Structure formats: structure tokens, C-alpha cells
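**Q** Make a model of this:
(one chain, ligands or ions: 1)
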Amino acid sequence: MNEEPTPVMLVATCRTSGCSIEGLSITAPYYPNATEPTYRAVCGECMQTITDLSPIPDDDEGNE
Ligand SMILES: [Zn+2]
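**A** Numbering: from 1, shown residues only. A predicted model of the protein is given here:
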């Protein structure tokens with residue numbers, strides 16, 4: 001049986017000085033890696049590794 005890895009929605013924030021999206025939070029699904037760091041993101045603007053990954057704040061009450 002193969003278990004499909006479950007993507008986790010994380011908020012990534014680029015911290016590269018001078019990047020056009022520096023400090024912006026981008027929410028996207030991430031798949032766990034087999035090796036550390038478990039979750040890894042690459043900025044689409046500066047192509048640097050984003051290490052600032054955090055779970056989505058759990059304040060979602062917009063179920064309409
Ligand atoms: Zn960047």
C-alpha cells in the first residue's frame with residue numbers, strides 16, 4: 001500500500017532583503033520531505049530558500 005503524502009497548508013514568508021515580496025505571507029500547500037527540513041519553500045521571486053514557514057492561523061470562521 002502506498003500512502004500519498006498529504007500536503008500541508010503553510011504560510012511562507014520571504015525574508016530575503018530586497019526581494020520584491022519580502023515580508024509578504026504566501027499560503028500554499030507543501031509536501032513533507034524525507035529529510036530535514038521537513039517543509040521547504042523556495043521564493044518564486046528571488047529563488048532563495050524560505051525558512052520562515054508557519055502553520056495557518058486557526059481563525060477560520062467563514063463557513064458560508
Ligand atoms: Zn523572495
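
**Q** Let me see the ranges of the strands in the chain.
**A** 8-13, 25-30, 41-42, 49-50, 53-55 (DSSP state E).

**Q** Does the first one reach the ion?
**A** Put plainly, it is strand 8-13. No - under the criterion of Cβ under 5 Å from the ion, strand 8-13 makes no contact with the ion; the nearest approach is 9.2 Å. In short, each C-beta sits where N, CA and C put it, glycine included.

**Q** buried residues in that strand?
**A** Using 16 or more other Cβ atoms under 10 Å as the test for burial, strand 8-13 gives 10, 12-13.

**Q** same question, the second one
**A** Neighbour counts over strand 25-30 (16+ other Cβ under 10 Å) mark Tyr30 as buried.

**Q** List the contacts of the nearest residue to Ile56 once chain neighbours are set aside.
**A** Nearest-residue entry for Ile56: Met9, 5.3 Å, with adjacent residues in sequence omitted and distances by Cβ to Cβ, 6 or more residues apart in numbering. Going by Cβ atoms under 8 Å, 6 or more residues apart in numbering, Met9 touches 27-30, 55-56.

**Q** mind redoing it with 7 Å?
**A** Met9 makes contact with 27, 29, 56 under the criterion Cβ atoms under 7 Å, 6 or more residues apart in numbering.

**Q** For Gln48, see how far away the residue lying closest to Cys46 once chain neighbours are set aside is.
**A** Computed as Cβ to Cβ, 6+ apart, the closest residue to Cys46 that is not its neighbour in sequence is Cys19, at 4.1 Å. Between Cys19 and Gln48 the computed distance is 7 Å (Cβ to Cβ, to the nearest Å).
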